[in-house]
Every structure is written in structure tokens, then in C-alpha cells.
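K.L.:
Next input, structure requested:
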Amino acid sequence: MATALNAIEQIRDQERLARSLWFLGGLITIHIDSAQTNGAFSLIEAYGPPGGEPPLHVHANEDECFHLLEGKLKVFRGEDELVLEPGDTAFLPRSVPHTFKILSNHARWLGYITPGGFENYFRRLGKPAQYLAPERAPAPPDLKAMIRVGHEYGISFLRPNSSLAS
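P.N.:
The predicted model follows:
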């Protein structure tokens, strides 16, 4: 019986790996994309260590919701600073500047993004994951590419060379 269960777990891991990307040194798994929801939303899982946080930015088109599963995050949302612990949720509305800082040795959270389509930003800038963990030696972010692709998705980076999370 254990062999059958191991085989099922290996299949699940292979399917998850096929939906996972390395982005800013962390692991992003696209659990549900906009094609599956007729454009309504996407659901991603993010996992990573400190240092892979994005610069302060604004979405013109999407609302985001973070639900923390593991670790500790400080979320900067407009003038608000929220500290999230496992089980906490933060809403990040479009047009409000935001970023976050990982306060623990790693964090894992679900990101609900509406409407769908923004998961393609991660696909464009990320690279296929080779294993289900953050990159062992993440490359520094390509800020020029983030800004260029971000404009296509309605994202404005307010301080591309730094962030409140630093």
C-alpha cells in the first residue's frame, strides 16, 4: 500500500512542478490560472526566503489577497503596515502602492488575484522550477525586465531600485 501512496504523491509532485516557477529567488506555483476561471481570478502559492521581495509597486488592474500559511510577513499597503502570521489575510486593492517583507527564515502564502491574467507576468519573468523549493542561488532581479513587462500588465514600480521592505 505504501508503494501506491508514494506513486500518487510522486504524480502530484510532478504535476505541481509543471505549474511552478522560480521568481525573485522564490517558488511560485500557479494552482488555478485565468483560463480555468474564464478570466475571473488566479490562485498562486508563493514560497521563499527573505530577499526576494518586489519593489514598492501599484497594480492598475488587479486586486490581490494574501493568506499566510507559514512564516511571518510585513505587508506595506499604502500608509498601513500589517504584520501577518499564519492564518492571517491581507487585502491589497488595485491603485494602492504595496510590497512586503519576509520577517522569518521563509514564508509561504496563497495569493488570490482578480481579475485573472496576472499569473502570466510570473510566467514571462520566471523560469521553470527544477524542484519544489526556492532557488538555491537566486539571481538578482532583472529590474529593467520587471519594469518593461510590468507596464504591459499595468504595474508601476514606484522605487525600482529599493523598496520599503529593505
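
K.L.:
what are the pairing partners of the helix or strand hosting residue 113, and which direction each?
P.N.:
Applying DSSP states H and E as the criterion places residue 113 in strand 107-114. Its sheet considered, strand 107-114 pairs with strand 42-48 (antiparallel), strand 63-70 (antiparallel) by DSSP bridges.

K.L.:
could you dump the last one to CSV, C-alpha only?
P.N.:
Listed next in CSV are the C-alpha coordinates belonging to strand 63-70 (Å, rounded to 0.1, in the frame of the first residue of the first chain):
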residue,chain,number,x,y,z
ASP,A,63,-6.8,43.3,-6.5
GLU,A,64,-4.7,40.9,-4.5
CYS,A,65,-5.4,39.0,-1.4
PHE,A,66,-2.6,37.3,0.6
HIS,A,67,-3.3,34.4,3.0
LEU,A,68,-0.3,33.5,5.0
LEU,A,69,0.3,29.7,5.6
GLU,A,70,3.8,29.7,7.1
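
K.L.:
just the helices in this structure please.
P.N.:
Secondary structure of the chain by DSSP state H: the helices cover 2-18, 119-125, 143-152.
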